[in-house]
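**Student:** Sequence first, predicted model second:
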Amino acid sequence: MDFSAVNWLAVIVAAVVAWLFGAAWYMGLSKPWLKATRLDPANMSKSPLPFVISFVAEIVMALVMSLIVAAMTGGEPSLVAGLVFSFVLWFGFVATTLSANHRYQGFDWDLTIIDCGRWLGVLLIIGAVIGWFGAADVAG
């Protein structure tokens, strides 16, 4: 893996914006999400740990997206490439995994649609930021 082309500012910005999107997504869909998950807010933990884990996961996703987009574009990321690879990865891995897992767990399609929508938004944001910022300037 060649980490020299990773634009670390883009990785951090992508993770922050994606995390904020996820927070807004679930705040806006909290009632349908709670219903779909069959969770009772009174019995839920108030720990910040899921939010921290989510942010760390989005940093990892942004780093991996940066490596994938750089490798697939010959080190010349673009906004379009970031969006295309984000969608393909979401469709090929996230949507399929959540669809299968939610069926095994006995959840309705409502939860799958809500969760897939969140991850689609997250990945598109990450891909757009990574592509828009471009590769790190390694000329010296």
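**Tutor:** Ah, there it is. Since the model is a prediction, treat every value here as computed from it, not as a measurement. Numbers count the residues shown, from 1 in each chain.
**Student:** any idea how far Val69 is from Lys35?
**Tutor:** Separation of Lys35 from Val69 (CB to CB, to the nearest Å): 37 Å. C-beta: built from backbone N, CA, C; applies to glycine.
**Student:** Okay, now the unreliable bits of this protein?
**Tutor:** Scanning the chain for pLDDT under 70 picks out 138-140.
**Student:** And the helices in it, which stretches?
**Tutor:** Secondary structure of the chain (DSSP state H): helices at 8-28, 30-37, 49-72, 79-89, 96-104, 109-133.
**Student:** CSV for these, including mean neighbour count and distance to Asp2?
**Tutor:** Shown next, in CSV, are the helices of the chain (neighbours: other CB atoms under 10 Å; distance: least, CB to CB, whole Å):
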stretch, mean neighbour count, distance to Asp2
helix 8-28, 18, 14
helix 30-37, 14, 39
helix 49-72, 17, 8
helix 79-89, 19, 17
helix 96-104, 13, 28
helix 109-133, 21, 15
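**Student:** who wins for proximity to Met1 among those helices?
**Tutor:** With CB to CB as the criterion, Met1 lies closest to helix 49-72 of the helices of the chain, at 6.1 Å.
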